[in-house]
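Peer 1: Just to be clear, the model below is a prediction. Sequence and coordinates:
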Amino acid sequence: MEYWSVGVAEVLYTHPSYINSWRGISDDEPYRALIRAYNSWLIEEYCSFAPDRLLAMGVIPDTGIDDAVAELEYCARAGFKGVKYNDLDEHKVFDPTPTIQLVKETLGEIGK
């Protein structure tokens, strides 16, 4: 595209079917590790080829509020442009209302 002077960017987010299949891992520790590995690969390897054109959207685990905030903070430090939540109430893991509030607070702190 550069050859033709066409400015193009691609926003990369994980298709919900991937996240749903990953949530099939019943043990939370390997599930969180898979999400961190995916997020790391996406930002450090895939998007590093053209960071001005490949905009990564991180995946946030639905294993609890502490895990969600920790991964959100990692995604912010790593340079993600946004994040994708799995359907938080689908698995009834935790009440999404306080989580959403804490995420907003965390985002406010990260943005300062």
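Peer 2: All right, it came through fine. Numbering: from 1, shown residues only.

Peer 1: quick one: secondary structure of Lys84?
Peer 2: strand (DSSP: H, G, I helix; E, B strand; the rest coil).

Peer 1: Kindly state the beta-bridge partners for it.
Peer 2: Val59 (DSSP bridges).

Peer 1: where does it sit relative to Pro61, distance-wise?
Peer 2: Distance, Lys84 to Pro61, using Cβ to Cβ, to the nearest Å: 11 Å. Backbone N, C-alpha and C define where each C-beta goes, glycine included.

Peer 1: More neighbours: those two, which one.
Peer 2: Using other Cβ atoms under 10 Å as the criterion, Lys84 and Pro61 rank with Pro61 on top: 24 against 15.

Peer 1: got a list of what the more buried one touches?
Peer 2: Contact analysis of Pro61 by Cβ atoms under 8 Å, 6 or more residues apart in numbering lists Asp28, Tyr31, Arg32, Ile35, Asp67, Ala68, Glu71, Asn86.

Peer 1: Please indicate which of the residues you listed are buried?
Peer 2: Among those, those classed as buried by 16 or more other Cβ atoms under 10 Å are Tyr31, Arg32, Ile35, Asp67, Ala68, Glu71, Asn86.

Peer 1: and of those, the nearest to Thr106?
Peer 2: Closest approach to Thr106 among those (Cβ to Cβ): Ala68, at 8.9 Å.

Peer 1: The closest one: which element?
Peer 2: helix 65-78 (DSSP states H and E).

Peer 1: Could you export that helix as CSV, CA atoms only?
Peer 2: Only the C-alpha atoms of helix 65-78 are listed here, as CSV (Å, rounded to 0.1, in the frame of the first residue of the first chain):
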residue,chain,number,x,y,z
ILE,A,65,-11.8,-8.7,38.8
ASP,A,66,-8.1,-8.9,39.9
ASP,A,67,-7.2,-10.8,36.8
ALA,A,68,-9.1,-8.5,34.5
VAL,A,69,-7.4,-5.4,35.9
ALA,A,70,-4.0,-7.0,35.9
GLU,A,71,-4.3,-7.9,32.2
LEU,A,72,-5.8,-4.4,31.4
GLU,A,73,-2.7,-2.8,33.0
TYR,A,74,-0.4,-5.1,31.0
CYS,A,75,-2.2,-4.2,27.8
ALA,A,76,-1.8,-0.5,28.6
ARG,A,77,1.9,-0.9,29.3
ALA,A,78,2.4,-3.0,26.2
